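>>> predicted model and sequence below, questions to follow.
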Amino acid sequence: MDKLLGRHVAPDPSELNLKECQDEMGQWSAWAKTDNALYSELRNNYDQLYAENQSLRGIKYRHDEEIGIQTLLTLTAVGFGVFMAWGVVKAIRRWWPSSNQRRQLITLLLVATWVTIAAIVALGDSRLSYHPVNLVFSVLVYSLPALAFGGVGVWWFGRTKPEILW
């Protein structure tokens, strides 16, 4: 090579000679032998954990079905409760007729109950009661439907009936 190029060419120190390559190949072979055993052990562990995960997913799906059944029963119970409350209100109105003033009083009592429950719910939630101003606004927001419907109810039951002159 020196004659061909006309100068002396020294081997690059970064290049490895055959002995060093064989030594490095031996190290890699030894590493592969130990790692293959470790890989097969980890693969077995993975297969076991994957099978366990699949069985737990089956339990989760059964749990989801149970939640669906509980939701259906809850909605059925709420519907039955609303139907019973409607029946009780109809019976009370039939047996004990109410005047406009009594309707106004009942509306105001329902609004006060709603606002009280909204305040209790807001106090029970630590995120809402973190600061007093936040608590006041939370109770106000929870109470807005009651206040709006209560105001309309009081106005509706408080108006006088028009007289027909003919």
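Yep, it's here. Numbers count the residues shown, from 1 in each chain.

>>> look up how far W155 lies from G26.
In this view, G26 and W155 are 96 Å apart by CB to CB, to the nearest Å. To be clear about C-beta, it is placed using only N, CA and C from the backbone, and glycine gets the same treatment.

>>> ugh, typo on my part, it should be L135
29 Å.

>>> those two: who's more crowded?
Applying other CB atoms under 10 Å to L135 and W155 shows that L135 carries more neighbours, namely 16 against 11.

>>> check the offset of the helix or strand that contains the more buried one from the chain's centre.
Using DSSP states H and E, L135 sits in helix 132-158. Counting by CA atoms, centre = their mean, to the nearest Å, helix 132-158 is centred 28 Å from the centre of its parent chain.

>>> now do the buried residues in that helix.
135, 138-139, 142-143, 146, 150, 153-154, 157 (16 or more other CB atoms under 10 Å).

>>> how about the contacts made by the spatially closest residue to A146 that is not a sequence neighbour?
Among residues not flanking A146 along the chain, W114 sits closest, at 3.5 Å (CB to CB, 6 or more residues apart in numbering). W114 is in contact with 143, 145-146, 150, counting by CB atoms under 8 Å, 6 or more residues apart in numbering.

>>> alpha carbons of stretch 111-126, as PDB, please.
Output in PDB follows, covering the C-alpha atoms of stretch 111-126 (Å, rounded to 0.1, in the frame of the first residue of the first chain):
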ATOM      1  CA  VAL A 111     -87.500  27.800  47.500                       C
ATOM      2  CA  ALA A 112     -86.100  28.100  51.100                       C
ATOM      3  CA  THR A 113     -85.600  24.300  51.200                       C
ATOM      4  CA  TRP A 114     -83.800  24.300  47.900                       C
ATOM      5  CA  VAL A 115     -81.500  27.100  49.000                       C
ATOM      6  CA  THR A 116     -80.800  25.400  52.300                       C
ATOM      7  CA  ILE A 117     -79.900  22.100  50.500                       C
ATOM      8  CA  ALA A 118     -77.700  24.100  48.000                       C
ATOM      9  CA  ALA A 119     -75.800  25.700  51.000                       C
ATOM     10  CA  ILE A 120     -75.400  22.300  52.700                       C
ATOM     11  CA  VAL A 121     -74.000  20.700  49.500                       C
ATOM     12  CA  ALA A 122     -71.700  23.700  48.900                       C
ATOM     13  CA  LEU A 123     -70.400  23.400  52.500                       C
ATOM     14  CA  GLY A 124     -69.800  19.700  52.100                       C
ATOM     15  CA  ASP A 125     -67.600  20.200  49.000                       C
ATOM     16  CA  SER A 126     -64.100  21.400  50.100                       C
END
